[in-house]
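K.L.:
pasted the sequence and its predicted model underneath.
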Amino acid sequence: MKVQSTSKLSLASGALTALLVGCTGPAGPQPTPGPSGGPSTGGAIASLMKARNLSELDVTAALKTYMPTGQQDEYYLFASGGHGGNLIVIGVPSMRILKYIGVFTVEPWQGYGYGDKSSQEVIDGGRRDGRAITWGDMHHPAFSETAGDYDGQYIFVNDKANPRIAVVNLKDFTTEQIIGTELIESEHGGAFVTPNTEYVIETSQYPAPLGGVYADLKEYNDKYRGAMIFWRFDRTKGRIIEAESFAMELPPYMQDLADAGKLTSDGWAFCNSINTERATGGILEGQPPLESGSSQNDMDYMHIINWKQAAEVAKGPKAKKITGMTVIPLEVAIEEGLLHFVGEPKSPHGLDLTPDGEDIVVGGKLDTHATVYNFKKMKALIDAKKYAGKDPYGVPILPYEESIRGQVEIGLGPLHTGFDDKGFAYTSVFIETKVAKWNVKELKLVEKISTHYNVGHLVVAEGDTVSPDGRYLVAMNKWALDRFAPVGPLLPQNFQLIDLSGEHTGGKMQLLYDMPLPLGEPHNAQMIKADKLKPWDVYKPTGMDPVTKEKSPFAVEGGKERVERQGDTVHVYMSAIRSHFSPDIVRVKEGDKVKIHLTSLEQAHDATHGFTISSYNIQVSLEPGEHSDIEFVADKPGVFPMYCTEFCSALHLEMAGYFLVEPRKKS
Ligand code: CUK
Ligand code: CUA
């Protein structure tokens, strides 16, 4: 693997000087004068550069990402946490981590799943067959959209391993819902939203009999199926409504990445597939391994789905129910003209629509091309019923040559594509470990930049909307190798920030920053302009439940704190404000059911408290104005300190009390 130092790239002459004096630099706040009264002189910089062996280009990269204290980033990056099961919020261009959001995995800092009742109910929403699932394999976050543009209200994420979708509210960066279905057993093509967030798309990956029933692999062709699920999102409720959602049954190919049409192609959805050979592996059963069994054909099939019409069919008598999910059977999808295929170069992976919704770019993992399909051409073929043939299940296949606008020679292993505001596309090239920039109209390669190493997804600022911003690209690299100090055999991922502006580099892409990300494998991310988010400072009204976003019926008012016993249940109405809990002594008897209703009376931004009771595995984070209910059985007698787990004030250590569990007399 070639290591390319940034210092070998050429720098437009005078770029550093220009950046230093700020005359052609990006618009933004001027640097605040330091204590000495002004910015450092060129002499000091020159000696620093010499001492640290930095090139001019290194220094421009540093100046483009450095945030003086108090200045805020221009963009938020929401990265999936991979097998960490949580979301990671990062500022761009500084690449400072701003937050982890607990989603599929419990998260103690936020008190997510450590005794707090409403967050536990969210996590329990993701049970499968009643079984608790305590992690997720998160791949693809997707912002909610209005008219094809990010509206900053919600972000959706998927769990590939235990097919589920989660809804995160961007008012408080809190997970409000996890929903899944036993219809399918794994997924990959999610979460992707339709242009007005009518539906969140989730597509199965590894076929299985629908509904979680058993069938031997010998019956793969007949009994195994895939499905594309359209989860109905109700924006007024902020929830996915299962009863209004539907799925379309698909042949047992391995459906891969998906996306929704927009503008020209609004009302349609697309997904890739691999393994149209329907190989099942079976290395010890005389079969080739899946990887070779699935590489026999020349082409796989892109699926072209008319979801708007499918939504109507789903309401009619031809749909059936499987494990509570409305399903359009494959025969019905074919007969109603809802599903078409077109050939794709073998083993495709990424599928991305151009901002105008006209073209669909497919990356061929084992190919050197990105293939550009044209929606209008495909739609004309569908309308004329001009088919090249049918697949074994009867799905009509459009003629490939007449469906594409062309191919771009990209390099070995193109995967995912993002778009900027100037008519360029950026495709990650996994095997070559590069990002390739190409002209969408002319289908011509413009430039390549190295990544370190093995770039998977990449994200361009708002690059999958109808109006991309360009400017920044983050390459999400699978391998880090020599980039950071070694930390044993398991290394972090490497997020590399790339400047697309061409400023100070004569129009070239410039690598700005390497960021290690040691929290699962974040496959994909979404980048949104910071001013599109308007997060709350505090919960209002005081006593709000963060999941319902309503005042809790158990909210506690100052002066009305109390303990009420009802049989063997003890209700503790408790408040928290700097620097005490009230009540600060709670006495119960062994075996009592305890329900602590805890409200923060704080009104000031960032005045956060925590609450724990020793030995009971309880940890709650209490943001200003937040209400939390904690329920447990006091089955262990003893004396248990309870205290605030956030350093909230000078007397934080004194924000403590006792939870006393008196033993029952043995009779
Ligand atoms: S991905 Cu999920 S295997 Cu290329 Cu979207 Cu990483
Ligand atoms: Cu409240 Cu520390």
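P.N.:
Yep, it's here. Ligands and ions are numbered 1, 2, ... in the order given.
K.L.:
how close does I240 sit to C648?
P.N.:
36 Å (Cβ to Cβ, to the nearest Å). (Glycine included, C-beta is placed from N, CA and C.)
K.L.:
again with T599
P.N.:
Counting by Cβ to Cβ, the gap from T599 to C648 is 15 Å.
K.L.:
between these two, who's got more neighbours?
P.N.:
T599 (29 against 21; other Cβ atoms under 10 Å).
K.L.:
didn't the more buried one look like it was pressed against E561?
P.N.:
No - taking contacts as Cβ atoms under 8 Å, T599 lies outside contact range of E561: 9.1 Å.
K.L.:
what's the overlap in contacts for those two?
P.N.:
Shared contacts of T599 and E561 (Cβ atoms under 8 Å, 6 or more residues apart in numbering): M574, S575.
K.L.:
OK, contacts around the residue of the stretch 51-200 of the chain found nearest ligand 2?
P.N.:
Nearest residue of the stretch 51-200 of the chain to ligand 2: G111, at 13.1 Å (Cβ to the nearest ligand atom). Contacts for G111 (Cβ under 8 Å, 6+ apart) come out as S119, G610, F611, Q619, V620, S621, L622, S628.
K.L.:
ok, and the closest non-adjacent residue to the fifth one?
P.N.:
By the measure of Cβ to Cβ, 6 or more residues apart in numbering, the closest residue to V620 outside its immediate chain neighbours is G111, 3.9 Å from it.
K.L.:
any idea of the pLDDT on that neighbour?
P.N.:
pLDDT recorded at G111 is 96.
K.L.:
over to V435?
P.N.:
Reported pLDDT for V435: 98.
K.L.:
for it, give the beta-bridge partners.
P.N.:
Beta bridges link V435 to S428, I449 when assigned by DSSP bridges.
K.L.:
any idea how far it is from P516?
P.N.:
In terms of Cβ to Cβ, V435 sits 19 Å off from P516.
K.L.:
compare the two and say which is more crowded by neighbours.
P.N.:
When V435 and P516 are compared for neighbours, V435 comes out ahead with 26 against 16, by other Cβ under 10 Å.
K.L.:
distance check, the more buried one against K376.
P.N.:
29 Å.
K.L.:
quick check, central residue of the protein?
P.N.:
Nearest residue to the geometric centre of the chain (Cα atoms, centre = their mean): P141, 2.2 Å.
K.L.:
just checking, it touches A525?
P.N.:
Yes - P141 lies in contact with A525 (Cβ under 8 Å); the separation is 6.6 Å.
K.L.:
give the residues shared as contacts by those two.
P.N.:
F78, A79, S80.
K.L.:
burial of the last one, as a residue count?
P.N.:
It stands for S80. 31.
K.L.:
then the first one?
P.N.:
F78: 25 surrounding residues under other Cβ under 10 Å.
K.L.:
for it, identify the helix or strand it belongs to.
P.N.:
Assigned by DSSP states H and E, F78 falls within strand 75-80.
K.L.:
quick one: strands adjacent to that strand?
P.N.:
By DSSP bridges, strand 75-80 pairs with strand 86-92 (antiparallel), strand 525-529 (antiparallel).
K.L.:
so what's the residue nearest to N162 when sequence neighbours are not counted up against?
P.N.:
Taking Cβ to Cβ, 6+ apart, and ignoring the residues beside it in sequence, N162 has I133 as its nearest neighbour in space, at 4.8 Å. Going by Cβ under 8 Å, 6+ apart, I133 touches F104, G126, R127, N162, R164.
K.L.:
beta partners for the residue nearest to the second one when sequence neighbours are not counted?
P.N.:
To tie it back to what came earlier, the one meant is G126. Computed as Cβ to Cβ, 6+ apart, the closest residue to G126 that is not its neighbour in sequence is I178, at 3.5 Å. Legend: beta-bridge partners of I178 under DSSP bridges are A166.
K.L.:
for this structure, what lies in contact range of ligand 1?
P.N.:
H139, H140, H188, L257, H349, L415, H416, G456, H457, H523, N524 (Cβ under 6 Å from any ligand atom).
K.L.:
again, 8 Å this time
P.N.:
When proximity is defined by Cβ under 8 Å from any ligand atom, the chain lies next to ligand 1 at 139-140, 160, 188, 257, 349-350, 415-416, 456-457, 521, 523-524.
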